[in-house]
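In: Sequence plus the predicted model coming up.
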Amino acid sequence: MTDALTARAAHNEAIRQRAEAEMTALGIDARVISQVVETFYERIARHPALGPVFQARLEGHWDAHLLKMKSFWSSVAFKTGAYGGKPVQAHLNLEGMTPELFPQWLALFAETLEDLALSPEARAWFMATAERIARSLALSLFYNPALDDPARHA
């Protein structure tokens, strides 16, 4: 391995170790991530507005989706780089997906975190991360820069 590759590997390992220490301090581990994902998606499936959108895409594939979401959240929490999905592409052309669903998604996520009785610090980390993800996804799916054109408002 070259010196640059060795240095990069050491840098990435240091990032992973810091992330693991931070998550441990918050009380977040693989078991907690699994609990959050499973509980949240059980609620998604029953939600009057979100359920039909998810059900249309995931019918017969819920188990695979849960595994993917656990991998995603673990990768985010522990900076492993293990998740290789493409969230924007996965949500493109999703029948029934609207910008108005994102606040409902976030509210249900917050309710799930509260009900699971996670530490305030763990809830704050999960919510801040979910809000960042929702904002990024909503912008990617629905933002139209032409609507912000100052010439349109002159």
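Out: Looks like it arrived, so ask away.

In: hey, let's count contacts and neighbours off CA atoms from now on
Out: Will do.

In: Can you name the element that comes right after the helix or strand Ala21 falls within?
Out: Using DSSP states H and E, Ala21 falls within helix 3-26. Beyond helix 3-26 on the C-terminal side, the first helix or strand identified by DSSP H and E is helix 30-46.

In: Mind listing what's buried along that following helix?
Out: Buried residues in helix 30-46, defined by neighbour count with 16 or more other CA atoms under 10 Å: 33-34, 36-41, 43-45.

In: which secondary structure elements does it contact?
Out: In terms of contact count using 3 or more CA pairs under 8 Å, 6 or more residues apart in numbering; DSSP states H and E, helix 30-46 is assigned the packing partners helix 50-58, helix 62-78, helix 101-115.

In: who touches it?
Out: Taking CA atoms under 8 Å, 6 or more residues apart in numbering as the criterion, the residues outside helix 30-46 that touch it are 50-52, 54-55, 66, 69-70, 73-74, 105, 108-109, 112-113, 116.

In: what distance separates that helix from the centre of its chain?
Out: 12 Å (CA atoms, centre = their mean, to the nearest Å).

In: quick one: average pLDDT of it?
Out: In this model, helix 30-46 carries a mean pLDDT of 96.

In: Just want the angle from that helix to helix 50-58.
Out: With axes from the mean of the first three to the mean of the last three CA atoms, to 10 degrees applied, the angle from helix 30-46 to helix 50-58 works out at 100 degrees.

In: Between helix 62-78 and helix 30-46, find me the angle.
Out: Using the same axes, to 10 degrees, helix 30-46 lies at 130 degrees relative to helix 62-78.
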